[in-house]
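Chemist: Below is the sequence, then the predicted model.
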Amino acid sequence: MAQRIQVSLLFAFPVVLVGALYLWGLTIPVPVLGRGYVITLPLPDTEAQLGLPEIFGPQDPTRPLIVIDAGHGGPDPGASSEGLREKSIVLGLARALRDRLVEQGGIRVAMTREDDTLIILEERAQIARALGADLFISIHADSAGDKEGVEGASIYTLSETASSEAAARFAQRENDADIVNGVNLSGNNDAVNAILVELSQRRTSESSAEFASLIEREGADTLRFHPQARRSAALAVLRAPDVPAVLYEAGFISNPDEARALASAEGQEQFADVLARAIRIFFARQSNSG
């Protein structure tokens, strides 16, 4: 019995102590150890209207439009190595591609970000849809951590499982409120809309895979690709049901030599040359098939 009382007092003492200190107007100092490692990111107001970027190139709205997405930005630096940060490298690559396409003419180009700002992940694909983009490419740089010698670019498309899941969620969220591939979903029942979005997502996934193949083919003699260059994953920026999209991992920033090459003017020009060719071939095929 005495032992049970002692145990009860042991648990009750801290509660009584804190209560007494509170009544006396005193507080217990909280250790600050580890607080310096917490990173806070100021996110844009999600309720604010989505701001759309400038469209470069011809003013003719019938010309194809590509949206180029430079990953990360602002307080989100992405991966880093020897003073080089992913957000800066991919922005340089995105600008080089935009400039090459505009210089060659015939294609409209927009960028989700043109400077060191943070764009919410979900808004990146939303921008492409809002602009009526015909193609979307998100540019990133990979990291292998402490593993040495890992190098090469890789191209991600949306996985089949994620594609079906994305189509189902989109149909449920946008029912009676959106247009997919020119088809107005309003007025249809849930089952019909789900089928329409699923078909649209399937066609979009096929087009995305075709564009990924073109990048790999056009870059075979110029760019260095990872042995497993073609990959698929459930990536949020690839989930739009009516905009063909790929995520391009330009290389490994954890590899110092590759990171410096990607940050160089020569590396950016090589990237822009290859991607511009793949984009033009893709749009030419789409035009002929239409």
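Modeler: Alright, I've got the coordinates.
Chemist: So which residues of the stretch 151-290 of the chain form helices?
Modeler: Using DSSP state H, counting those that start in this stretch, the helices of the stretch 151-290 of the chain run over 160-174, 190-218, 256-263, 265-289.
Chemist: Point out the one among those helices that comes closest to residue 73.
Modeler: helix 256-263 (16.0 Å; Cβ to Cβ). Using the backbone N, CA and C atoms, a C-beta is placed for each residue, glycine as well.
Chemist: measure residue 227 to residue 254 for me?
Modeler: 16 Å (Cβ to Cβ, to the nearest Å).
Chemist: Oops, could you answer that again for residue 103 instead?
Modeler: Residue 103 is 32 Å from residue 254, by Cβ to Cβ.
Chemist: Comparing those two, which residue is more hemmed in?
Modeler: Higher neighbour count among residue 103 and residue 254: residue 254, with 21 against 10, using other Cβ atoms under 10 Å.
Chemist: circling back: how about a markdown table for the helices of the stretch 151-290 of the chain, with mean neighbour count and distance to residue 85 added?
Modeler: Formatted as a markdown table, those follow (neighbours: other Cβ atoms under 10 Å; distance: least, Cβ to Cβ, whole Å):
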| stretch | mean neighbour count | distance to residue 85 |
| --- | --- | --- |
| helix 160-174 | 17 | 28 |
| helix 190-218 | 19 | 24 |
| helix 256-263 | 19 | 9 |
| helix 265-289 | 17 | 15 |
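Chemist: Tabulate those helices in a markdown table, adding columns for mean pLDDT.
Modeler: As requested, those are exported to a markdown table (pLDDT from 0 to 100):
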| stretch | mean pLDDT |
| --- | --- |
| helix 160-174 | 51 |
| helix 190-218 | 82 |
| helix 256-263 | 96 |
| helix 265-289 | 96 |
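Chemist: what about the ones you listed, which gets the closest to residue 96?
Modeler: Of all the helices of the stretch 151-290 of the chain, helix 265-289 comes closest under Cβ to Cβ, at 4.0 Å.
Chemist: quick one: that closest one to helix 256-263, angle?
Modeler: Using axes from the mean of the first three to the mean of the last three Cα atoms, to 10 degrees, the direction of helix 265-289 lies 60 degrees away from that of helix 256-263.
Chemist: follow-up on the earlier one: and residue 149, which of the helices of the stretch 151-290 of the chain is closest to it?
Modeler: When these are compared (using Cβ to Cβ), the closest one is helix 256-263, at 9.9 Å.
Chemist: and the one helix or strand residue 68 maps to, which strands flank it?
Modeler: Residue 68 belongs to strand 65-70 when elements are defined using DSSP states H and E. Strand 65-70 has the following strand partners under DSSP bridges: strand 108-111 (parallel), strand 135-142 (parallel).
Chemist: now, of these, which is deepest in the fold?
Modeler: Neighbour counts averaged per stretch over those are highest for strand 135-142, at a mean of 26; criterion: mean count of other Cβ atoms under 10 Å.
Chemist: surely residue 138 meets residue 237?
Modeler: Yes. In this structure, residue 138 is within contact of residue 237 by Cβ atoms under 8 Å, at 4.7 Å.
Chemist: Output the strands paired with strand 65-70 as TSV; include the columns distance to residue 75 and mean pLDDT.
Modeler: Listed next are the strands paired with strand 65-70 as TSV, based on distance: least, Cβ to Cβ, whole Å; pLDDT from 0 to 100:
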stretch	distance to residue 75	mean pLDDT
strand 108-111	19	98
strand 135-142	17	96
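Chemist: The helix or strand containing residue 128 to strand 135-142, inter-axis angle?
Modeler: Assigned by DSSP H and E, residue 128 belongs to helix 121-131. If you take the same axes, to 10 degrees, helix 121-131 sits at 160 degrees to strand 135-142.
Chemist: List the buried residues for helix 121-131?
Modeler: Across helix 121-131, burial judged by 16 or more other Cβ atoms under 10 Å covers 123-129, 131.
Chemist: end to end, how far does stretch 66-86 reach?
Modeler: Distance between the two ends of stretch 66-86: 22 Å, counting by Cα to Cα, to the nearest Å.
Chemist: For that stretch, buried residues please.
Modeler: 66-74, 78-81, 84-86.
Chemist: before we move on, back to that, pick the one among the buried residues of helix 121-131 closest to residue 59.
Modeler: Nearest to residue 59 among those: residue 131, at 14.0 Å, using Cβ to Cβ.
Chemist: wait, doesn't the closest one sit right on residue 112?
Modeler: No. Residue 131 lies out of contact with residue 112 (Cβ under 8 Å); the separation is 10.0 Å.
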